[in-house]
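**Q** model the following, please.
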Amino acid sequence: MPAGGAAAVTGQVPRWRAWGIVEGMTVRDLLVDLCAEHLDAVTGEPVPLQALVGLLAACGVAEPSTRVAVAALRRTGWLTAVRRGRETLCAPAAPLREAVTAQQERIERRLAPWDGQWRMVVYSVPETDRAARERVRRGLARAGFGPLAPATWVSPHRSALDEVHAELAGERTSRLDLLTASVADPRLSDGELAARCWDLPRLAAGWTRVLDRLRASGAAGTPDGPAALGLHLRLRAETRAVLAGDPLLPVALQPPGWPARDVRDAWADAGARLAAAARAHVADVLGVVSTPPRAAAVA
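**A** As a prediction, the model looks like this:
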């Protein structure tokens, strides 16, 4: 490792830390992003655990938290680890890459043109099994569905029924009907139906915050070193937090001025420059040559 490597990162306090904690962000998420966005791009070799500790210090993550996250990913098979003398070397494993690819493919499918049809799920879970009911609701939300009624959820995406079938494959439901439907009431538009099922003002506010961060980053100039890595991972975490609740509605169902469109453009511009600077820092810490970052799909 070259001078000024992982150890030099520790103790840096980037200005963006003043944003506070992103809701739902975990050290595990940051570590997965670090692996998928940067480690896999700059090296195919295992990296020292201490380097991961130093790199995540750019996000204000303490060494014990990084070590706990690494151990958790090792248990799930997402990271491999080997010993070299007294040093532990870690590397992203196939399941981590497959999970990241699957999520990216899910986003791409939802960005496809809308066919004008709604996918509907009507389900029933025994009243005594509240835990199962909550799991079903979370699975429906992950599959891009929104609640039209307590046990009736809808999605505009063609792939939604296949996704929810996979999500709920292990659940014991007393009723699970998967349907395709369209709006027949002339007094109700598809856009109004979407507004009933999702809190679009809250989502718009979340995307606006991300857009403001990206624009502020572009206006302030691209940082380098650990500040670039910390800011890039932070922005990805904030984007993911909003994306987790966004069904990625087709353009025809989006309210006027939907900010997610501008977020996509901002990521392609300021986000790409920031990713390149972050990757250069990771490469410098690891003593390898960096490559240009690939574009990431955003709603």
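**Q** so which helix or strand takes in Ala71?
**A** helix 63-75 (DSSP states H and E).
**Q** and the average pLDDT for that helix is what?
**A** For helix 63-75, mean pLDDT rounds to 95.
**Q** again, but for stretch 280-293
**A** 78.
**Q** going along the chain, name the helices of the stretch 1-150 of the chain.
**A** 6-9, 27-33, 40-42, 49-56, 63-75, 94-110, 130-142 (DSSP state H, counting those that start in this stretch).
**Q** who are the packing partners of the fourth one?
**A** The one in question is helix 49-56. Counting contacts by 3 or more Cβ pairs under 8 Å, 6 or more residues apart in numbering; DSSP states H and E, helix 49-56 is packed against helix 6-9, helix 27-33, helix 63-75, strand 87-92, helix 272-286. C-beta here means a position set from N, CA and C on the backbone, and glycine is covered the same way.
**Q** redo those as TSV? Include mean neighbour count and distance to Ala99.
**A** Formatted as TSV, the helices and strands packed on helix 49-56 follow (neighbours: other Cβ atoms under 10 Å; distance: least, Cβ to Cβ, whole Å):
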stretch	mean neighbour count	distance to Ala99
helix 6-9	18	26
helix 27-33	21	8
helix 63-75	16	11
strand 87-92	18	10
helix 272-286	22	20
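**Q** Pro259: which of those is closest?
**A** Comparing these against Pro259 with Cβ to Cβ, the closest turns out to be helix 272-286 (18.9 Å).
**Q** got any ranges where the stretch 151-299 of the chain has weak pLDDT?
**A** The stretch 151-299 of the chain contains residues with pLDDT under 70 at 289-299.
**Q** for it, what spans make up the strands?
**A** 152-155, 175-181 (DSSP state E, counting those that start in this stretch).
**Q** can you convert these into a markdown table and add a column each for distance to Leu235 and mean neighbour count?
**A** What follows is the strands of the stretch 151-299 of the chain, written out as a markdown table (distance: least, Cβ to Cβ, whole Å; neighbours: other Cβ atoms under 10 Å):
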| stretch | distance to Leu235 | mean neighbour count |
| --- | --- | --- |
| strand 152-155 | 27 | 22 |
| strand 175-181 | 36 | 12 |
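**Q** out of those strands, which is closest to Arg130?
**A** strand 175-181 (16.8 Å).
**Q** before we move on, back to that, need the least confident one among the helices of the stretch 1-150 of the chain, by mean pLDDT.
**A** Confidence, taken as mean pLDDT, is least for helix 6-9 of the helices of the stretch 1-150 of the chain (a mean of 32).
**Q** mind giving me the packing neighbours of the helix holding Ala71?
**A** Packed next to helix 63-75, using 3+ Cβ pairs under 8 Å, 6+ apart, are helix 27-33, helix 49-56, strand 79-84.
**Q** need the contact partners of that helix.
**A** Here helix 63-75 makes contact (Cβ atoms under 8 Å, 6 or more residues apart in numbering) with 10, 26-28, 30-32, 49, 52-53, 56-57, 79-81, 90, 96.
**Q** now do 7 Å
**A** Applying Cβ atoms under 7 Å, 6 or more residues apart in numbering, the external contacts of helix 63-75 come out as Val27, Arg28, Leu31, Leu49, Leu52, Val53, Leu56, Leu79, Ala81, Cys90.
**Q** show me the chain divided up by domain.
**A** What automatic domain parsing lists as the domains of the chain is 6-94, 117-181, 199-286.
**Q** which non-adjacent residue is nearest Arg83?
**A** Excluding its sequence neighbours, the residue lying closest to Arg83 (Cβ to Cβ, 6 or more residues apart in numbering) is Leu89, at 7.5 Å.
**Q** my guess is the one you found meets Ala51, correct?
**A** No. Between Leu89 and Ala51 there is no contact under Cβ atoms under 7 Å: 9.3 Å.
**Q** wait, what's in contact with the one residue sitting closest to the centre of the chain?
**A** Most central in the chain under Cα atoms, centre = their mean is Arg240, positioned 3.5 Å from the mean C-alpha point. Each residue near Arg240 by Cβ under 7 Å, 6+ apart is listed here: Asp29.
**Q** now it: how far from Ile107?
**A** Arg240 sits 11 Å away from Ile107, going by Cβ to Cβ, to the nearest Å.
**Q** one more: Gly225?
**A** Gly225 is 30 Å from Ile107, by Cβ to Cβ.
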